[in-house]
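# sequence unknown, structure follows:
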């Protein structure tokens, strides 16, 4: 059946409603892809305990305040409403149950016990709306001996084994910068939600999604886990090296603390590399002619590479290597990313106006483009910004009820 123009222009998740109890990065990054393409999200916060991302800088004018966090603004780019509820109050729980009727998806990122304490676990949600979909994403999932553990991305990179391979063998583990796992688990969550929506469309039944961020993070070191299970080789720091490539590292370039990454995998790439650095004879040198020989003499090889790279800028190294189809890339800093011509070509960064921060130039949509399906991004919401609309218009509270709940601290 062919679709008319109106159907083709309708976002694929138009009409899908999400009640969002998540906080920090995993939640919004999991839900944003649906919001970009039509889903509506109501984010639930507490005035006493707002989303932890609001406490992370950088901040407008360097002043730490919940509505001035650029990082919170960066994460919250989907189509959202924001409400506040004091979940310790019985009437707040009743309001949530009314919102569950509106929702297609309920998402939370709390450790085991929180939603249960509020009577908002999946079994109870199904009694309110039998076809509800629930996403629960936390450190270890909601069953098992570690189900109640608390933590964030910094802890997860340690638990998943990632930290054990970052750095040098003679030094303590370097650790990953920031909450790396907040950008891994959401990829699984988004796919699971779309699959659950499709399942509901076909069967009329909802689903419960229990997602372990620990398991998602482990995908980063899958080859090393396989190596241990097959060969009993322990995880060890790899510096910047890889078993099946040489040279493979980060090399100093001309200038102050600037670098370029280079990776040579095949013998043909090695020959091209040698030609680029002006030493074609190296390609047949008995120390370096094959990958196994290059791995055996990798320290000496890295010195040869850096003797050449320090004479060039990172951009020159990258361009020369890429022209010969040898993998190389500038080790970019924040300014490089903000001014990256490829990102600009794709209009990756978009500007939105925020009521407190003002113009924010770094919003971005999905990291892909659908040729026939446009996306829409919004700005970050403020705490309780849409209380009146959601509670009086969406839920139909009277003015008297609304005023009383506000006065009693329920909302």
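The structure has been received and is ready for your questions. What you see is a predicted model, and the numbers here were worked out from it, not measured in a lab.
# residue 13: what secondary structure?
coil (DSSP: H, G, I helix; E, B strand; the rest coil).
# now do the contacts for it.
By Cβ atoms under 8 Å, 6 or more residues apart in numbering, the residues touching residue 13 are 34, 35, 37, 38, 39, 197. Glycine gets a C-beta too; all of them are placed from N, C-alpha and C.
# quick one: pLDDT of the nearest residue to residue 362 once chain neighbours are set aside?
The spatial neighbour of residue 362 that comes closest, neighbours along the chain excluded (Cβ to Cβ, 6 or more residues apart in numbering), is residue 349 at 5.1 Å. Residue 349 is assigned 89 on the pLDDT scale.
# thought residue 349 was touching residue 360?
No: taking Cβ atoms under 8 Å as the definition, residue 349 is not a contact partner of residue 360, at 9.7 Å.
# show me how the record splits the protein into domains.
What automatic domain parsing lists as the domains of the chain is 5-219+346-407, 248-333.
# for residue 235, find the nearest of the ones you listed.
Residue 235 lies closest, by Cβ to Cβ, to one member of the domains of the chain: domain 5-219+346-407, at 4.8 Å.
# which strand or helix spans residue 33?
helix 26-36 (DSSP states H and E).
# actually residue 261, sorry about that
Going by DSSP H and E, residue 261 is part of strand 259-263.
# what's the mean pLDDT across that strand?
Strand 259-263 comes out at a mean pLDDT of 98.
# how about stretch 401-411?
According to the model, stretch 401-411 has a mean pLDDT of 95.
# which parts of it are buried?
By neighbour count with 16 or more other Cβ atoms under 10 Å, stretch 401-411 contains the buried residues 402, 405, 410, 411.
# the domains of the chain: which one's closest to residue 340?
domain 248-333 (7.2 Å).
# list the residues that contact residue 263.
For residue 263, the contacting residues are 242, 245, 247, 248, 326, 327, 328, by Cβ under 8 Å, 6+ apart.
# ok now stretch 122-131, how far from the chain's centre?
Offset of stretch 122-131 from its chain centre (Cα atoms, centre = their mean, to the nearest Å): 29 Å.
# show me where pLDDT drops low in the protein?
Residues of the chain meeting the criterion pLDDT under 70: 1-8.
# show me where it has strands.
According to DSSP state E, the chain carries its strands in the segments 17-21, 40-45, 80-84, 105-108, 133-138, 208-212, 248-252, 259-263, 327-330, 350-354, 358-363.
# so can I have TSV of those showing distance to residue 305?
Formatted as TSV, these follow (distance: least, Cβ to Cβ, whole Å):
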stretch	distance to residue 305
strand 17-21	48
strand 40-45	49
strand 80-84	48
strand 105-108	47
strand 133-138	42
strand 208-212	40
strand 248-252	5
strand 259-263	7
strand 327-330	11
strand 350-354	39
strand 358-363	35
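# now do the same contact list for the residue nearest the centre of the chain.
Closest to where the C-alpha atoms of the chain average out (Cα atoms, centre = their mean) is residue 183, at 2.1 Å. By Cβ under 8 Å, 6+ apart, the residues touching residue 183 are 25, 29.
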